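The following comprises the amino acid sequence and a computationally predicted model.
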4 protein chains.
Amino acid sequence: MPDQHEPVREYPTALGAASLDTITLLGQDLADDVMGQVGFGELAFWLASQRRPSKGETRVFEAVLAALADHGFTPTAIVTRLTYLSAPDSVQGALAAGLLGGGSRFLGVTEDCGRFLHERLPDQLPMDDAGWDEIALRVVREQREAKRFVPGLGHHVHKDGDPRTRRLYAIAREEDLVGPHLELFAAIGRVHPQVLGRTLPLNGAGVCGAALADLGLPMELLRGFALLARTAGLIGQLAEELRHPVGNDIFLSVDLHNRPVDPDPYRPS
Amino acid sequence: MPDQHEPVREYPTALGAASLDTITLLGQDLADDVMGQVGFGELAFWLASQRRPSKGETRVFEAVLAALADHGFTPTAIVTRLTYLSAPDSVQGALAAGLLGGGSRFLGVTEDCGRFLHERLPDQLPMDDAGWDEIALRVVREQREAKRFVPGLGHHVHKDGDPRTRRLYAIAREEDLVGPHLELFAAIGRVHPQVLGRTLPLNGAGVCGAALADLGLPMELLRGFALLARTAGLIGQLAEELRHPVGNDIFLSVDLHNRPVDPDPYRPS
Amino acid sequence: MPDQHEPVREYPTALGAASLDTITLLGQDLADDVMGQVGFGELAFWLASQRRPSKGETRVFEAVLAALADHGFTPTAIVTRLTYLSAPDSVQGALAAGLLGGGSRFLGVTEDCGRFLHERLPDQLPMDDAGWDEIALRVVREQREAKRFVPGLGHHVHKDGDPRTRRLYAIAREEDLVGPHLELFAAIGRVHPQVLGRTLPLNGAGVCGAALADLGLPMELLRGFALLARTAGLIGQLAEELRHPVGNDIFLSVDLHNRPVDPDPYRPS
Amino acid sequence: MPDQHEPVREYPTALGAASLDTITLLGQDLADDVMGQVGFGELAFWLASQRRPSKGETRVFEAVLAALADHGFTPTAIVTRLTYLSAPDSVQGALAAGLLGGGSRFLGVTEDCGRFLHERLPDQLPMDDAGWDEIALRVVREQREAKRFVPGLGHHVHKDGDPRTRRLYAIAREEDLVGPHLELFAAIGRVHPQVLGRTLPLNGAGVCGAALADLGLPMELLRGFALLARTAGLIGQLAEELRHPVGNDIFLSVDLHNRPVDPDPYRPS
């Protein structure tokens, strides 16, 4: 039985607030200081970190979002199209269903790579490539001995190099924003053939994780930025589905080729 | 039984595609022509419309996204925080759950207002305010006679005017992008007191719908842009919850004040 | 600024409650009166209506759930499998994504049919088939004149009759639970050829809606029961996917047959 | 470029299939052999395991589902009510949002406990309580040394014993279905005070995991059964919200007590 004089709880927030005349967002006047002044990528960064990014940080951040926005008929894109086919009354449901595929396997590389690098940064950062290479060698060897992959290394299509990786490093250099995560990732790119005996590309999802980590964004939310980028991509998928639908063809391509088989009773191992 | 020589289906798309060396997005080279060159708001517009917006269109579009990104402790924000509390293993689940509240009642005004205005545009557009006022008068009277609200009219807090509305009109005028939807909405703002007998503000969600419609974006996806904006807002909510959590307090404020009552058997009317 | 002595809100509920020694559910002792005594279908009915169903009602209700549980490779089943492929860390995400396809087009027929019949029941119910036929004739004619379909009429596979329909009527008759919704639906089945000039089957999704409405369940939640049934079906899909995966093949069958096309700039109509 | 004679893929399934005259589910005639003959809990078990459970197995399974169906105003229940408040057009969205809270923290105990026990079963099962106690002692000591909790041990309300635990053991004994997982869990209940120095109850979520594991259901899907149970519970929450709404009060209790604070710029650790 609650005490009738229990102190009323309060819920602090630095995000949106409203009074009769003004709306505040992140301590700014939404109408006058944010609308028309702050780009959407810049705002997303600001909302996540509660600090306004510099122009250079915004450019790197938006390059990452562009790299992650759409990869064609990924499972998430197919899911959004099929959900819209099945429930056209709910755009929010189609987008949400697509985002739910943003887990460990497809979108997870960005987060995994950012965290992986972060956990392996030394207290004392190296001053030159040789120093980074030394750390990278140790990191790759440890993974190999533990029979684990290095997140961000390898790509099933771009075997000779992922064009997003090259480009994101160039942008980060232009903006003077190559930090320790990108340094270590580059060093892994240089030294891993010595350990693994073959050359793998640094993939785009991985370099995005490294860049987001260097931007000082919360490690727990790296996947969130991939999901933000993907939301824009999924709206593109929906827009295309509305005008040039393929969802029903995809559905039929599966349904018409179902092959009924006998039940296979499950036995626990 | 499928024919073994059934022609293989193809799924056309103008969105992402990849070959060994390049990644294409919307017919552009992703790495060289998009990353570092195209802002995130601009890219989201481009993905949804398959045409690159002008600088002015991008500015209006991003102002709309800013206006819709976060409104404090809305149901969607509370849902994202509670879902994260309950399933911290799944950032995608917390974001998706929040977006699922983006339906007819809270986020729907943007879409409803855009569609409402769109369906009431005359074939021959008026040349001046007097002409728009005439149409607006008819529109408001029809709604009143049908005992229906005008979407976008009224706000429970900003009773004397929504600051987002004033500001979005100013930006659209600066960019020379006040089109017929914004014109009709403004006219509704001028004439409705004659019909309804009191003055209501044009609200921010409504003006955003009018602006998106004037940008020529697909009417079926207006809600989608509100959801995109909200995704950035929900990431902000998650980021704040990670550092200054309130989710458990919200949960307990409900759970500890539950009042067990007798079942009330349902009888269909 | 909240008043520190604002009365504490309370949230009444007849559902679950707990004290040190007991857990109550719907006013029953969960452990002693529900567990081991109440079947799961019976409990789901009870939770939704806050009244305990009879044995006959439970049998009809569970027959409906069985009819709706799984239909093979529906969009919802494909979505659950693809989401699990993409995010195997989140079973809840895979199930939720599948349920999001339970909207107006696929699972909606059950709800649409139940509501359609409910809204057309006369105040004074007929005493015999001839009376029901008269109402049904009027109903079908009205739909035809309005160029609208009759929900629940027609099936793309079971053109000569849906076996679920025949069976559900038999069960409802055995349990003496053929109420006005099932009566009107049967009459529509008898008379529609007179109006439409061809004979269509009463489909299984529709008859399920009629039966749920006759059970006195809330009209707003008819879709919810279809979703409950489908949750069991989607768990079956996941269980099969775990042992005999097809998700990756489905993904590749789409991705490998993508055909890059030029962007098609959107122009609003 | 796909080969035009690429063999058409097939997708095997033992779940639903349909022809002109019949619908098959799990190799049974859906209409005649399932509808009206198979209860919903029984069917859910069958779909997940592809084998028909015995009457006793069904009773234990349904007792588990009853134990997990609803726990009052949990985060998932609040989320479903708030999502419905915000998007009443989408019942599927409200249910899906609620299920997304079924992750590691709240619903996860069932899965965690089942897996925990499963991984610690010896190859040679003990013949008596003394044998189980010996294993349990080792298990609890290992957890303590690793400073990890034993899943399923402890409850914040039922400190003197969870009534669901006692009852589920009684039902399992009545049906002769106490297997090794329930045995080991019971032994943990007997011996843990020796190691931990205080007596904790075996909680209901944990015993449900042990019982599901003893039923031979797939370990990867234990959480799925909790979600199935919860789907019925969430439909109950929605049904109550429709007639006795509290969602808006919950929303206002948070929104009206927000306290705007200054942004707190994030600095990575």
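Sure thing, it's come through. Numbers count the residues shown, from 1 in each chain, chains lettered A, B, ... in the order given.

domains of chain A?
Using automatic domain parsing, the domain parsing of chain A gives A:14-52, A:108-218.

could I get those domains as JSON lines with mean neighbour count and distance to D:L182?
The way it works is simple: take the backbone N, C-alpha and C, and place the C-beta from them, glycine included. Shown next, in JSON lines, are the domains of chain A (neighbours: other C-beta atoms under 10 Å in any protein chain shown; distance: least, C-beta to C-beta, whole Å):
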{"stretch": "domain A:14-52", "mean neighbour count": "21", "distance to D:L182": "46"}
{"stretch": "domain A:108-218", "mean neighbour count": "19", "distance to D:L182": "35"}
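
For chain D, which of those domains is the nearest?
When these are compared by C-beta to the nearest C-beta, domain A:14-52 sits nearest chain D, at 3.7 Å.

now the end-to-end length of that closest one.
13 Å (C-alpha to C-alpha, to the nearest Å).

can you tell me the average pLDDT over it?
Domain A:14-52 shows a mean pLDDT of 95.

Show me how far it is from its chain's centre.
Its chain's C-alpha centre lies 23 Å from the corresponding centre of domain A:14-52 when counted by C-alpha atoms, centre = their mean, to the nearest Å.

Whether that domain contacts chain C - can you check?
No. Domain A:14-52 stays clear of chain C (C-beta under 8 Å from any C-beta of the partner chain), getting no nearer than 11.9 Å.

Tell me which helix or strand comes right after the longest helix seen in chain A.
When chain A is parsed with DSSP state H, its longest helix is helix A:222-243. Heading C-terminal from helix A:222-243, the first helix or strand you meet, by DSSP states H and E, is helix A:247-255.

Which neighbouring elements make contact with that next one?
helix A:75-86, helix C:75-86, helix C:247-255 (3 or more C-beta pairs under 8 Å, 6 or more residues apart in numbering or on different chains; DSSP states H and E).

what's in contact with stretch A:25-38?
A:14-17, A:22-24, A:43, A:46-47, A:50, A:52, B:59, B:62-63, B:66-67, B:69-70, B:163-164, B:166-168, B:170-171, B:174, D:262-263 (C-beta atoms under 8 Å, 6 or more residues apart in numbering or on different chains).

again but with stretch A:217-229, I slipped
By C-beta under 8 Å, 6+ apart, stretch A:217-229 touches A:44-45, A:48-49, A:61, A:64-69, A:99, A:102, A:107-108, A:110-111, A:114-115, A:118, A:205, A:208-209, A:212-213, B:40, B:91-92, B:95, B:231-232, B:235, B:238-239, B:242, D:266, D:268.

ok, back up a step: now tabulate the helices and strands packed on helix A:247-255 in TSV and tack on mean pLDDT and mean neighbour count.
Below are these laid out as TSV (pLDDT from 0 to 100; neighbours: other C-beta atoms under 10 Å in any protein chain shown):
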stretch	mean pLDDT	mean neighbour count
helix A:75-86	97	30
helix C:75-86	97	30
helix C:247-255	94	19
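
Of those, which is nearest D:M127?
helix C:75-86 (39.8 Å; C-beta to C-beta).

Just give me how far that closest one sits from the chain centre.
Using C-alpha atoms, centre = their mean, the offset of helix C:75-86 from its chain centre is 20 Å.

Just want the angle from it to helix C:247-255.
Counting by axes from the mean of the first three to the mean of the last three C-alpha atoms, to 10 degrees, helix C:75-86 lies at 100 degrees to helix C:247-255.

Near chain D, which residues of chain A? Just list them.
Residues of chain A lying near chain D (C-beta under 8 Å from any C-beta): A:8-14, A:17, A:24, A:26-27, A:48-51, A:87, A:89-90, A:92-93, A:96, A:100, A:213, A:216-219, A:254, A:257-268.

Good, we can wrap up now.
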